[in-house]
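Q: coordinates only, sequence not included:
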């Protein structure tokens, strides 16, 4: 969790938004918050109320009078903007930028990301202090993000880049996938019940009906427990009734 | 922009959060919002205030009495949870799930994503209506997301999966990268000024000094305009002064 970029809010307005930023940061394992001349002073009780428990981030936040002072000890700075605004500068998507950010960070160098105030965004003079512009690809007709949302997307990409959660996994709770033998055993019992009940009719259609039913159950990725449940269902619906 | 998943909020509490969800949805090009028994009724003026212009999404929102009715016309349903909670079900990361979601959607089938109420999250009976659980990998010590943040991360992955923004790009505003000939011309003028001023000394170190200075400027990816600016700087600092 260490070594994540510092989040630098330039002239943030609402304490509520600063608190939501702290929450989004901690969701992504980021803890270093810097505030440049927050409009309503610091500390701000509104921030604590909306941080939903991320008070650690707020307590350790540092306040600076200017953006220059807030980035002075950093070695790589990114500026988030909605549009590049006439500067000759590298613009990257957050997803692409994270690779470089992590590489710099892994060398022990310090990284920060600038976020502008709620309405206006960063000033051009602030952007000129940055190495790279970060621009989140979004709906071109409605791309203006809430401050905490912008921080979340950058933090999310930071976190995902090192996360090892399996992309897709069948969660088994104190059970295991059924073996093919258990499945076949169930199929045979089901097919006997279907035959006895007159469902598998006419005989020349039986093989294709059986295959379709087997395929349907194969697709369900059944567990041992679920196969036992199905045995119980056959027993309740047919065998006991008979 | 068409064909995105429906966002289904089950028992949302605060109108403010519903508005922020609408904004996050539109940021990602999603427009279909469904509300299951919103606590404070519908429409809700707090939602409009926080939607920041995403009123289209709110105006077209549909209200349902139960989750079952809200998903009845859908063919694939995902449930967002913080933990799988003892169910045998496939759990996917949003990034991994988007592939399947887009594949289903491209076949003309309808997709929806369930989000639970602010405090409690989805009930197990709601989750049982879904095909797949979506779980966002986040800081395990602080993983509870604000409702709109959860919607944003799913919408963001949906949008990114089809976005063609270049990952990294040097934005040039009405100029172009300098040609190597323009650069060499500048290097020679600079080196002459440095030699005349006595900077390139002693002579045996000159070649390595010249190479280092050339490499520094090569790394800056200069534009034609910037090379002209540098010519002006040499002229101002040395040639005119002489």
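A: Nice, thanks for sending it over. Just so you know, these numbers come straight off a predicted model, no measurement behind them.

Q: would you map out the domains in chain A?
A: As assigned by automatic domain parsing, chain A contains the domains A:6-162, A:180-241.

Q: for those, which one ends up most surrounded?
A: domain A:6-162 (a mean of 19; mean count of other CB atoms under 10 Å in any protein chain shown). Just so you know, the C-beta spots here come from the backbone N, C-alpha and C atoms, and that holds for glycine as well.

Q: mean confidence score for that one?
A: The average pLDDT for domain A:6-162 rounds to 93.

Q: anything in that domain near chain B?
A: Yes - Domain A:6-162 is in contact with chain B by CB under 8 Å from any CB of the partner chain, via A:20, A:23-24, A:26-29, A:52-54, A:84, A:86-93, A:95-97, A:133, A:135-139, A:142-146, A:148-149, A:152-153, A:156, A:159-160.

Q: roughly how far out does the helix or strand encompassing residue A:229 sit from the chain middle?
A: Per DSSP states H and E: residue A:229 is located in helix A:224-234. Averaging C-alpha coordinates over helix A:224-234 and over its chain gives two centres that are 36 Å apart (CA atoms, centre = their mean, to the nearest Å).

Q: check whether it comes near chain B.
A: Yes - contact of helix A:224-234 with chain B (CB under 8 Å from any CB) involves A:225, A:226.

Q: residue A:163 versus the spatially most central residue of chain A, what's the distance?
A: In chain A, the centroid-proximal residue (CA atoms, centre = their mean) is residue A:156; its distance is 5.8 Å. Between residue A:156 and residue A:163 the distance is 10 Å, computed by CB to CB, to the nearest Å.

Q: which helix runs longest in chain A?
A: Secondary structure of chain A per DSSP state H: the longest helix is helix A:180-196.

Q: give me the contact list for the helix or strand following that one.
A: Toward the C-terminus, helix A:180-196 is succeeded by helix A:206-218 as the next helix or strand (DSSP H and E). With contacts defined as CB atoms under 8 Å, 6 or more residues apart in numbering or on different chains, helix A:206-218 is touched by A:183, A:186, A:187, A:190, A:191, A:194, A:195, A:200, A:230.

Q: just put those in CSV and tack on pLDDT.
A: Shown next, in CSV, are the contacts of helix A:206-218 (pLDDT from 0 to 100):
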residue, pLDDT
A:183, 93
A:186, 96
A:187, 95
A:190, 94
A:191, 95
A:194, 93
A:195, 92
A:200, 92
A:230, 94
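
Q: strands of chain A, start to end?
A: Along chain A, the stretches classed as strands by DSSP state E are A:6-10, A:33-36, A:62-64, A:76-80, A:89-92, A:111-115, A:132-134, A:168-171.

Q: distance to residue B:70 for those strands - can I get that in TSV?
A: Listed next are those as TSV, based on distance: least, CB to CB, whole Å:
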stretch	distance to residue B:70
strand A:6-10	36
strand A:33-36	38
strand A:62-64	46
strand A:76-80	35
strand A:89-92	39
strand A:111-115	35
strand A:132-134	36
strand A:168-171	24
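
Q: out of these, flag the one nearest residue B:223.
A: strand A:89-92 (10.8 Å; CB to CB).

Q: packing partners of the closest one?
A: When contacts are defined as 3 or more CB pairs under 8 Å, 6 or more residues apart in numbering or on different chains; DSSP states H and E, strand A:89-92 packs onto strand A:132-134, strand B:168-171.

Q: list the buried residues of the last one.
A: With burial defined by 16 or more other CB atoms under 10 Å in any protein chain shown, the residues of strand B:168-171 counted as buried are residue B:169.

Q: given that strand, what are its sheet partners and their directions?
A: Taking DSSP bridges as the criterion, strand B:168-171 forms sheet pairs with strand A:89-92 (antiparallel).

Q: what's next to the strand it pairs with, contact-wise?
A: With CB under 8 Å, 6+ apart as the test, strand A:89-92 has contacts from A:84, A:100, A:127, A:130-135, B:167-171, B:221.

Q: and the residues you listed, which is closest to residue A:70?
A: Nearest to residue A:70 among those is residue A:130, at 11.7 Å by CB to CB.
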